[in-house]
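Chemist: any chance you could fold what I've pasted below:
(chains A and B, ligands or ions: 2)
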Amino acid sequence: MIEVKNIYKSFRDKNILKDISITFEQGKTNLIIGQSGSGKTVLLKSIVGLHEVDKGQIIYDNKIFSSMKHVERKKIRKKIGMVFQGGALFDSSTVIENVMFPLKMFTEMTKQEMEKRAKFCLERVDLRDIEDLYPSETSGGMQKRIAIARAIVLEPKYLFFDEPNSGLDPKTAIIIDKLIKELTVDFNTVTVINTHDMNSVAEIGDNIAFIYKGRKWWSGNNEEIFTANNKELNDFVFATKLMREVRNFKLKN
Amino acid sequence: MNVLYQIGKYFYFLAKIFKKPEKRKIYLYLIFDEIDKLGINSIGIVFIISIFLGAVVTLQTAYNISSPLIPLWLVGLTARDSMILEFSSTIVGLILAGKVGANVASEIGMMRVNEQIEALEIMGVNSSSYLVLPKIIATVLFFPILTIFSMIVGIGGGYFSAFITDALPTDDFLMGIRYWFHPFYITYSVIKTLVFAFVITSVSAYQGYFVKGGAVEVGKASTRGVVYSSILILLVNVILTELLLK
Ligand SMILES: Nc1ncnc2c1ncn2[C@@H]1O[C@H](COP(=O)(O)OP(=O)(O)OP(=O)(O)O)[C@@H](O)[C@H]1O
Ligand SMILES: [Mg+2]
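Modeler: Ligands and ions are numbered 1, 2, ... in the order given. Next up is the predicted model:
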């Protein structure tokens, strides 16, 4: 479980996050949704400590991460897997080197063991025979999956995804969503996902927190979100005609 | 105020780079990789520049000596000392500031804007040390070799120019380059190069590491890396010359 308690974050004089409190459950896919620029990425990066929060606490399984020293944080960081908005693959290394990287840095495995583990993780995300390509030689959807393979290679307890299916076609996006869900259940991770994709919300929204202008404006699950009585949330969720039709359909039944 | 802030941040960055490295074995591999990328790869340009500089210095000195009282072998001596004392280290330093500086700043800058640096940090890797220390060690080890290479090639260029023109007889040139030789000049030049290598690599890495924004900013950082390294090289050059040759 990860608990975020009353955190604030500002850059210079701009307040980005204001008094945000959310609990992320283990074995569940916890979604953070909100408009572009609402502060989702800043929130995610604050939770993992890439940004220092100005106020408030971040607690990983009863350990207060936000007040830890760098050395202590490193221990927790080794249990974190993160997939960045753009994949953040090392472009001068091949696919398999990318996936093996955390093993190389933090384990004493032999080369064969590392390759075996990396291949296993690549297969887990449905990638085969691309080990020796460079990331730039693969498609956007593949890069996302390579990044996921790298994130799970050390069997993390906490998984973070920043817009895992932005820039992907709907079918590939669903595949990625399902994969995230499976990994979460299989490894029993605390999974936190930033998204503004309504398909993801419907598919894998176990817990959803809606961020509006830097505040947590609403929270619930993917059933409740269709019936919620919250203007800003409704404006966001039902921005498209398709989603409005989905709502009407749901309300009728 | 901003300048002071930048300088402070630079030294803080240096401190982080030299904070206990991650696994040694990996660093060793990275250092060889960087020697290849930043060092071996620069041999070509150092060769071309040095051979022409050596030739030009020799020809200019020869054509400027018109008095029969000055022996022609002085041309060889002048060419040798100019190459060893100044051209090899400073010119090579400036060239490498352009080539290596731009390379380091843009590589690290791209890693910053693509969130690769954050990806390293999140894994618990000390990104500044992992990315920059191997580059610093590689250039500090290899640039002195390039400097000595440049001296030899430059003097060779001088001989070559004497050979293909009638500016002076090659025998005079050969006599000149053996006359009154101070081995310390080489030491002096090597020391300068060590400092240049450190300055170029760390300053350019600093520019890349703290990039904010996108590709345009990376381009700007890369330019700043080159400009600041060049200015610092000239400054350090004066200071070291005063300290070492006094
Ligand atoms: N390092 C930073 N320094 C200053 N301001 C920042 C920084 N990072 C983000 N911001 C600002 O914080 C606000 C929220 O940005 P954030 O990237 O969190 O949005 P987001 O919800 O992730 O949007 P998107 O869906 O487009 O990714 C933006 O106004 C942005 O300009
Ligand atoms: Mg974002």
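
Chemist: pull up the residues of chain B that are close to chain A.
Modeler: B:22-23, B:26, B:110-111, B:114-116, B:118-119, B:121-125 (C-beta under 8 Å from any C-beta of the partner chain). To be clear about C-beta, it is placed using only N, CA and C from the backbone, and glycine gets the same treatment.

Chemist: mind running it again at 6 Å?
Modeler: B:22, B:114-116, B:118-119, B:122-125 (C-beta under 6 Å from any C-beta of the partner chain).

Chemist: which stretches in chain B count as strands?
Modeler: Taking DSSP state E as the test, none of chain B falls into strands.

Chemist: quick check: the residue of it nearest ligand 1.
Modeler: Proximity of chain B to ligand 1 (C-beta to the nearest ligand atom) peaks at B:Lys212, 6.8 Å away.

Chemist: contacts only, for the spatially most central residue of chain B.
Modeler: A centroid search over chain B (C-alpha atoms, centre = their mean) returns B:Gly93, at 2.8 Å, as the residue closest to the centre. By C-beta atoms under 6 Å, 6 or more residues apart in numbering or on different chains, the residues touching B:Gly93 are B:196, B:233.

Chemist: what about it, distance to A:Trp217?
Modeler: Going from B:Gly93 to A:Trp217 by C-beta to C-beta, to the nearest Å gives 57 Å.

Chemist: and for B:Tyr130?
Modeler: From B:Tyr130 across to A:Trp217, the span is 39 Å (C-beta to C-beta).

Chemist: which of the two has more neighbours?
Modeler: B:Tyr130 (21 against 18; other C-beta atoms under 10 Å in any protein chain shown).

Chemist: closest to A:Phe84 among the residues of chain B next to chain A?
Modeler: Closest approach between these and A:Phe84, by C-beta to C-beta: B:Glu115, at 4.3 Å.

Chemist: how many neighbours does the residue lying closest to B:Thr139 once chain neighbours are set aside have?
Modeler: Nearest residue to B:Thr139, sequence neighbours excluded (C-beta to C-beta, 6 or more residues apart in numbering or on different chains): B:Ala197, at 4.0 Å. B:Ala197: 27 surrounding residues under other C-beta under 10 Å.

Chemist: show me what contacts B:Ala197?
Modeler: Neighbouring residues of B:Ala197 by C-beta under 6 Å, 6+ apart: B:139-140, B:143.

Chemist: dump the residue contacts of residue 128.
Modeler: Unless you meant another one, I'm taking chain A. Contacts of A:Arg128 (C-beta under 6 Å, 6+ apart): none.

Chemist: wrong chain, I was asking about chain B
Modeler: Shown in contact with B:Ser128 (C-beta under 6 Å, 6+ apart): B:16-17.

Chemist: ok so, going back, any idea which of the residues of chain B next to chain A is least confident?
Modeler: Among these, B:Glu22 carries the lowest pLDDT, at 71.

Chemist: for it, give its distance to B:Ala197.
Modeler: Relative to B:Ala197, B:Glu22 is positioned 22 Å away (C-beta to C-beta).

Chemist: equivalent analysis for A:Phe226, please.
Modeler: Separation of A:Phe226 from B:Ala197 (C-beta to C-beta): 63 Å.

Chemist: pull the longest helix from chain A.
Modeler: Using DSSP state H to define each element, chain A has its longest helix at helix A:170-187.

Chemist: which outside residues touch that one?
Modeler: Contact with helix A:170-187 is made by A:29, A:141, A:144, A:164-165, A:191, A:200, A:203-204, as judged by C-beta under 6 Å, 6+ apart.

Chemist: do that again at 7 Å, thanks
Modeler: Contacts with helix A:170-187, where a contact means C-beta atoms under 7 Å, 6 or more residues apart in numbering or on different chains, come from A:27-29, A:125, A:141, A:144, A:148, A:152, A:155, A:159, A:161, A:164-165, A:168, A:189, A:191, A:193, A:197, A:199-200, A:203-204.
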